[in-house]
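Just to be clear, the model below is a prediction. Sequence and coordinates:
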Amino acid sequence: AVQKDGLALEHADARVRADREVVLTAMWQNDSALKHADVALWADREFVLWAVRKDGLVLEHADARVRADRWVVLAAVQKDGLALEHADAAVRADRSVVLAAVRENGRALQHADAALRADRGVVLAAVERHARALELADKS
């Protein structure tokens, strides 16, 4: 059923909503299906990695340990730079992750660690994508 209508997941048995393959199939059919995924899936690194490759902003729903995973966050910000907002603080201080985020969306600079908001190279990369990103830079 979820292959034709991803939102059918809403009416599925709890066991089905906890099945990674079923939920991912539903998600590829309709992004909104993810809101019906079992909470345990958001602690599953592989599940979240697949999900953020479709929609980076779903990182928001991931378990804290997954939001601290550099590779998961990198995949998320490459899809949507603003996903940086939902990353663990340590990852928001990772220059290569932040560069990927601001190269996708210059406004992601606002979610970077303060030290990186003052980093000339990071700020320039952000401004190349969004001219007003300069307003988000650390002025110190």
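Happy to help now that I have it. Residues are numbered from 1 along each chain as shown.

Could you pull out the helices in the chain for me?
With DSSP state H, the ranges of helices along the chain come out as 14-17, 20-29, 45-54, 64-67, 70-79, 89-92, 95-104, 114-117, 120-129.

The third one to helix 20-29, inter-axis angle?
Here helix 45-54 runs at an angle of 10 degrees relative to helix 20-29 (axes from the mean of the first three to the mean of the last three CA atoms, to 10 degrees).

Give me the helices and strands touching helix 45-54, please.
Secondary-structure packing of helix 45-54 (3 or more CB pairs under 8 Å, 6 or more residues apart in numbering; DSSP states H and E): helix 20-29, helix 70-79. No exception for glycine: its C-beta is placed from N, CA and C like everyone else's.

rerun that using 6 Å as the cut-off
helix 70-79 (3 or more CB pairs under 6 Å, 6 or more residues apart in numbering; DSSP states H and E).

Show me which residues of the helix it packs on are buried.
72, 73, 74, 75, 76, 77, 78, 79 (16 or more other CB atoms under 10 Å).

The fourth one touches residue 52, doesn't it?
Yes. Residue 75 is in contact with residue 52 according to CB atoms under 6 Å; the separation is 5.0 Å.

Can you add mean pLDDT and distance to residue 137 and give the helices of the chain back as JSON lines?
JSON lines is the format used below for the helices of the chain (pLDDT from 0 to 100; distance: least, CB to CB, whole Å):
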{"stretch": "helix 14-17", "mean pLDDT": "84", "distance to residue 137": "43"}
{"stretch": "helix 20-29", "mean pLDDT": "83", "distance to residue 137": "36"}
{"stretch": "helix 45-54", "mean pLDDT": "94", "distance to residue 137": "26"}
{"stretch": "helix 64-67", "mean pLDDT": "98", "distance to residue 137": "24"}
{"stretch": "helix 70-79", "mean pLDDT": "98", "distance to residue 137": "18"}
{"stretch": "helix 89-92", "mean pLDDT": "98", "distance to residue 137": "15"}
{"stretch": "helix 95-104", "mean pLDDT": "98", "distance to residue 137": "11"}
{"stretch": "helix 114-117", "mean pLDDT": "96", "distance to residue 137": "5"}
{"stretch": "helix 120-129", "mean pLDDT": "94", "distance to residue 137": "5"}
